[in-house]
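K.L.:
Task: produce atomic coordinates for the following.
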Amino acid sequence: MPGVDAPYLGFDPGGSHCFGVALFDGHGVLLGTTSSVDEALAWAVDKCGTRTPTAAGIDTLLHWCTGPSGYRPCDRLLKQRYAAKSGSIMAPNSLYGAMAIGGMALALRLKQHWPDIVLNETHPKVLLHALGVPKYDPSDLKSVVRWLIGTMKSTDWSASDEHAFDAALSAWATREGLLQGWDDIVGPVGQQLFPAGPVRYLWPGSDPADQA
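P.N.:
Numbering: from 1, shown residues only. The predicted model follows:
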């Protein structure tokens with residue numbers, strides 16, 4: 001069983017000053033924004049210090065599929081389950097480089113530095129919907145940050161932008177998913193490819209938001 005107080009990392013891959021990074025250890029949250037895979041990894045190594053992170057949640061594609069449009073079983077499941085957010089679940093082949101390349105590059109670098117780290121795919125915008133959190137305005141994060149602080153039961157913190165917030169949510173969701181036994185929606189191997197090795201896509205079970 002993963003340690004409750006062990007560090008969990010979260011990342012929201014992006015471009016210049018848009019690469020969200022976070023560390024959650026069960027008590028408090030450290031977060032910020034960087035500008036590249038190398039900067040994000042260096043930030044994580046610095047913040048972890050002598051501690052080894054249990055897992056990292058990354059808002060990216062952690063595995064690929066060789067079928068039409070690159071759609072994976074998890075993508076089809078989420079599009080079917082959350083019709084109201086289907087526009088946020090795009091064909092993998094149409095995603096920006098930060099998602100398709102930067103996220104996987106980070107996953108590979110994390111595995112090089114911490115070979116035993118668990119890699120977990122996240123989708124913050126759809127996850128909030130699944131958890132029953134109303135849509136938020138990225139320019140005003142205060143209400144959703146307060147919600148996450150209460151849900152995490154962490155000390156107080158603030159997010160300067162949505163990239164840092166999405167990284168914090170990814171870290172928390174990864175910890176919660178492992179500790180609470182959330183479903184793993186990666187699906188059968190079949191046409192799927194795993195460049196960074198085995199990965200998870202931990203997702204909360206069915207709830208009222210499924211019908212929204």
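K.L.:
Show the contacting residues for the nearest residue to residue 61 once chain neighbours are set aside.
P.N.:
Nearest in space to residue 61, with sequence neighbours left out and distances taken as CB to CB, 6 or more residues apart in numbering, is residue 92 at 5.6 Å. For glycine as for every other residue, the C-beta is placed from the backbone atoms N, C-alpha and C. By CB atoms under 8 Å, 6 or more residues apart in numbering, residue 92 lies in contact with 61, 64-65, 69-72, 75, 100.
K.L.:
Looking at pLDDT only, which of those scores worst?
P.N.:
Within the contacts of residue 92, pLDDT reaches its minimum at residue 100, with 83.
K.L.:
Quickly note the distance from the nearest residue to it once chain neighbours are set aside to residue 68.
P.N.:
Take residue 100 and drop its neighbours on the chain: the residue closest to it by CB to CB, 6+ apart is residue 61, 6.1 Å away. Look at residue 61 and residue 68: by CB to CB, to the nearest Å, they are 16 Å apart.
K.L.:
quick one: which of those two has more around it?
P.N.:
residue 61 (23 against 9; other CB atoms under 10 Å).
K.L.:
For the more buried one, pull up the helix or strand it's in.
P.N.:
For residue 61, there is no enclosing helix or strand under DSSP states H and E.
K.L.:
next one: residue 173
P.N.:
Per DSSP H and E, residue 173 falls inside helix 162-180.
K.L.:
Using PDB, write out every CA atom in that helix.
P.N.:
Taking Å, rounded to 0.1, in the frame of the first residue of the first chain, the C-alpha atoms of helix 162-180 are listed here in PDB:
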ATOM      1  CA  GLU A 162      -4.700  26.900 -14.300                       C
ATOM      2  CA  HIS A 163      -1.600  25.000 -15.200                       C
ATOM      3  CA  ALA A 164      -0.400  24.900 -11.600                       C
ATOM      4  CA  PHE A 165      -3.900  24.000 -10.400                       C
ATOM      5  CA  ASP A 166      -4.200  21.100 -12.900                       C
ATOM      6  CA  ALA A 167      -0.800  19.800 -11.800                       C
ATOM      7  CA  ALA A 168      -2.000  19.900  -8.100                       C
ATOM      8  CA  LEU A 169      -5.200  18.100  -9.000                       C
ATOM      9  CA  SER A 170      -3.300  15.500 -10.900                       C
ATOM     10  CA  ALA A 171      -1.000  14.800  -7.900                       C
ATOM     11  CA  TRP A 172      -4.000  14.500  -5.600                       C
ATOM     12  CA  ALA A 173      -6.000  12.300  -8.000                       C
ATOM     13  CA  THR A 174      -3.100  10.000  -8.400                       C
ATOM     14  CA  ARG A 175      -2.700   9.600  -4.600                       C
ATOM     15  CA  GLU A 176      -6.400   9.200  -4.100                       C
ATOM     16  CA  GLY A 177      -6.700   6.700  -6.900                       C
ATOM     17  CA  LEU A 178      -4.000   4.500  -5.500                       C
ATOM     18  CA  LEU A 179      -5.100   4.700  -1.900                       C
ATOM     19  CA  GLN A 180      -8.800   4.400  -2.600                       C
END
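K.L.:
on that earlier part again, residue 159: which of the contacts of residue 92 is nearest?
P.N.:
Nearest to residue 159 among the contacts of residue 92 is residue 61, at 23.7 Å by CB to CB.
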